[in-house]
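Novice: Sharing a model that was predicted from the sequence below.
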Amino acid sequence: MDLARWTALPRADATRLTPREVQIRDAAWIARCVGRGATAPLGPEDVAALASRISPVGFQRGERIFGDGGGGRPGVCIVRTGHVELSVATPRGRVVVGVLRPGDVDGDVPLLLGIPVPYAAHAVDETVCLVLSPADFDSLLIRHPAVSRRWLSSVAQRLATSHGRLVSLLGRPLVAQLAGLLLDEAEDGTVQLPQRTLAAMLGVARPSLNKVLKDLERRGLVALGYGAIRLLDEDRLQRVRDA
């Protein structure tokens, strides 16, 4: 199956596709987002099996997706459009532990380990997730070894990225941590996250974060806007991150 041909179809073209073709397109898109295709290629039967199991679910801004005592096992969520904020409740308030963007996956590791999801997920903006129920996820991995291997590489890749980020934050000044976070979270040169979220991700007070952002803006590295930060000089930001 030519995954590139299917994933090249924009979502606006969905009106010209049959429901089954829309499913195949979304499944092909997931196949390109999850894992390393060169080491675990998927055949037409694998993509068709994935397509038959995914369900698109829409969420409004601020709506809970899973966690926070919602009950049940949420299954696997792949963000199709929008952003999802992951947070945990602590005695000092809610702390943001991550933000999912289009193509990001969550919920699979708790399912594989048989443990509850340790955080809550809420939509940052209007969001669409492609959802695999726990039963469908288990069935997919059992019956399709190529999908299992592809998913394994995806989990390993995400864990390696998380470990790398944690190591990079150890003992670093706030400005270096922030520069690294901005580079990691940028999409097309812009970070579309509010400052409260960025502050929570770094575990600092918002005024402290704003002070550092203002300094980066004065140095011509970023431009601050409402709910967005534009990166003006990524090369210099990388030097700040690595200093």
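Specialist: Done, it's in.
Novice: quick one: the residue most central in space within the chain from residue 62, how far?
Specialist: Among the residues of the chain, the one closest to the centroid is residue 100, at 2.5 Å (Cα atoms, centre = their mean). Residue 100 sits 15 Å away from residue 62, taking Cβ to Cβ, to the nearest Å as the criterion. C-beta: built from backbone N, CA, C; applies to glycine.
Novice: Equivalent analysis for residue 195, please.
Specialist: For residue 195 relative to residue 62 (Cβ to Cβ), the value is 17 Å.
Novice: the more surrounded of the two?
Specialist: Ranked by neighbour count (other Cβ atoms under 10 Å), residue 195 and residue 62 place residue 195 first, with 16 against 10.
Novice: Please name the residues that touch that one.
Specialist: For residue 195, the set of contacting residues under the criterion of Cβ atoms under 8 Å, 6 or more residues apart in numbering consists of 206, 209-210, 213.
Novice: ok, now with 10 Å
Specialist: For residue 195, the set of contacting residues under the criterion of Cβ atoms under 10 Å, 6 or more residues apart in numbering consists of 206-207, 209-210, 213, 224, 227, 229.
Novice: Tell me the one of the residues you listed nearest residue 153?
Specialist: Taking Cβ to Cβ as the measure, residue 153 lies nearest residue 229 of the contacts of residue 195, at 31.8 Å.
Novice: Just confirm that closest one is within a strand.
Specialist: Yes - assessed with DSSP: H, G, I helix; E, B strand; the rest coil, residue 229 lies in a strand.
Novice: Would you confirm that it contacts residue 193?
Specialist: Yes - counting by Cβ atoms under 10 Å, residue 193 is a contact partner of residue 229 at 7.8 Å.
Novice: Phi, psi for residue 86 please.
Specialist: Per-residue torsions, residue 86: phi -100, psi 130 (degrees, to the nearest 10).
Novice: So what sits opposite it in the bridge?
Specialist: Counting by DSSP bridges, residue 86 is bridged to residue 98, residue 121.
Novice: okay, now it: neighbour count?
Specialist: Other residues close to residue 86 by other Cβ under 10 Å number 22.
Novice: Does it touch residue 123 like I think?
Specialist: No - under the criterion of Cβ under 10 Å, residue 86 is not in contact with residue 123, lying 11.4 Å apart.
Novice: Common neighbours of these two, please.
Specialist: Between them, residue 86 and residue 123 share the neighbouring residues 65, 100, with contact defined by Cβ under 10 Å, 6+ apart.
Novice: So residue 193, which state does it fall into?
Specialist: Remark: residue 193 carries the secondary structure label coil [criterion: three-state DSSP].
Novice: From residue 109, how far off is it?
Specialist: With distances defined as Cβ to Cβ, the gap from residue 193 to residue 109 amounts to 23 Å.
Novice: One more: residue 206?
Specialist: In this structure, residue 206 and residue 109 are 30 Å apart, going by Cβ to Cβ.
Novice: now residue 188
Specialist: Relative to residue 109, residue 188 is positioned 28 Å away (criterion: Cβ to Cβ).
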